[in-house]
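Colleague: let me see the structure of the following:
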Amino acid sequence: MKTPLKATLITAAVVAVLVVAALIYVLIDRSQTPASGDGSSPPEVLRESSHVLDDGGEGAVTVVEFLDFECEACGSFYPIVEDLREQFAGEITYVVRYFPLPGHFNSKNAALAAEAAAQQGRFEDMYHRLFETQEQWGEAQESHAALFRDYAAELGLDMAAYDAAVSDPATEERVRSDFEEGRALGVSSTPTFFVDGEIAELQEWDDLESAIQAAVNGGR
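Modeller: Numbers count the residues shown, from 1 in each chain. Sure thing, here's the model as predicted:
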C-alpha cells in the first residue's frame, strides 16, 4: 500500500473512532442528565416544598394538582376540588403546585402572591381568595399585582414581608421550578391532576372523583 493512501486511511479511521467516541459520550451524558425543572434531580410529582392543603396521613392517596390561578378551567374545577377534599377527608393528601401558563397575563403575579402568602403560613387563604375573585381579574391585559397586594392586606399579612417576598427572585424561582418540573412530568395544560403519581385522564367532570375513589378502594 502506498504511504499517502495508508496515511489517509489511518487518518479516516482515527476520525471515525473519535466521532464514535463523541457520540457515546453525548449519549451517556444525556442519560445521566436530570430531567427536572431545576436540573438537580429527576422530576417528581411531589416535593417536600409542595403546598399541602390536606394531609391524610400514612397510607393516604396523594392527589397533586398543577394549577394556574387565572385558568378558567381551574376556576371551574375549584368548587369540585373543594367538594372532593371534604368527601375524601382523611383518605387523601391534597397538594397544589404552580403551573402559570404564559398566555395568562396575571397568572405569574397570582402565583407570586400565593407563594408570598405561603411564606407567612397563609397559602390556603390566598388560594381561596384568588379563585373566589378570579372573575374580577382573570383575562385582564394589565397587571393586577396591586389587587393581589390588597388581598394580602385583607388577610392581615405582614405587608413589608409580603412585598419583600414578591420582589425576591427566589420566590419567582420557586414558582418557575414547579412549572419546569410540571413540564418534565408531561403537564401541558391546567388543571392537571396526578393521583398516586399517575396523571388522571379527565374527559368528564366526575372523572377525577372516579380516579380518587378507585385509588382509595385499591388501598383497602
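
Colleague: after the helix or strand where residue 83 lies, next one along is what?
Modeller: For residue 83, the host element (DSSP states H and E) is helix 72-87. Downstream of helix 72-87, the next assigned helix or strand under DSSP H and E is strand 92-98.

Colleague: parallel or antiparallel, list what pairs with that next one.
Modeller: Sheet pairing of strand 92-98 (DSSP bridges) gives strand 51-54 (antiparallel), strand 61-67 (parallel).

Colleague: and the helix holding residue 83, average pLDDT?
Modeller: The average pLDDT within helix 72-87 is 97.

Colleague: who touches that helix?
Modeller: 53-54, 63, 65, 67-68, 92, 94, 131, 134-135, 138-139, 189-191, 205, 208-209, 212 (CB atoms under 8 Å, 6 or more residues apart in numbering). The way it works is simple: take the backbone N, C-alpha and C, and place the C-beta from them, glycine included.

Colleague: now do the helices in the chain.
Modeller: Ranges of helices in the chain, per DSSP state H, are 3-32, 72-87, 107-118, 123-132, 134-137, 145-154, 159-167, 169-184, 207-218.

Colleague: could you save the ones you listed as CSV and add columns showing mean neighbour count?
Modeller: Below are the helices of the chain laid out as CSV (neighbours: other CB atoms under 10 Å):
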stretch, mean neighbour count
helix 3-32, 10
helix 72-87, 16
helix 107-118, 24
helix 123-132, 19
helix 134-137, 14
helix 145-154, 16
helix 159-167, 15
helix 169-184, 18
helix 207-218, 16
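
Colleague: out of the ones you listed, which comes closest to residue 49?
Modeller: Residue 49 sits nearest to helix 169-184 of all the helices of the chain, at 7.3 Å, using CB to CB.

Colleague: burial of the residue nearest to residue 45 when sequence neighbours are not counted, as a residue count?
Modeller: Take residue 45 and drop its neighbours on the chain: the residue closest to it by CB to CB, 6 or more residues apart in numbering is residue 194, 4.7 Å away. Counted by other CB atoms under 10 Å, the residues lying close to residue 194 total 22.

Colleague: now the one 4 residues further on
Modeller: Other residues lying near residue 198 total 11 when counted by other CB under 10 Å.

Colleague: how close does it sit to residue 216?
Modeller: The gap separating residue 198 from residue 216 is 14 Å, by CB to CB, to the nearest Å.

Colleague: how about the most centrally placed residue in the chain: what's its closest non-neighbour residue?
Modeller: Centroid check for the chain by CA atoms, centre = their mean gives residue 178 as the closest residue, at 3.6 Å. Nearest residue to residue 178, sequence neighbours excluded (CB to CB, 6+ apart): residue 98, at 4.1 Å.

Colleague: relative to residue 205, how far out is that neighbour?
Modeller: Residue 98 is 23 Å from residue 205, by CB to CB.

Colleague: ok, now residue 114?
Modeller: On the measure of CB to CB, residue 114 and residue 205 end up 25 Å apart.

Colleague: show me the shaky parts of this structure.
Modeller: 1-40, 219-220 (pLDDT under 70).

Colleague: let's see it at 90
Modeller: By pLDDT under 90, the weakly predicted segments of the chain are 1-42, 103-105, 138-142, 205, 218-220.

Colleague: could you list the domains of it?
Modeller: The chain is divided into the following domains under automatic domain parsing: 1-33, 51-218.
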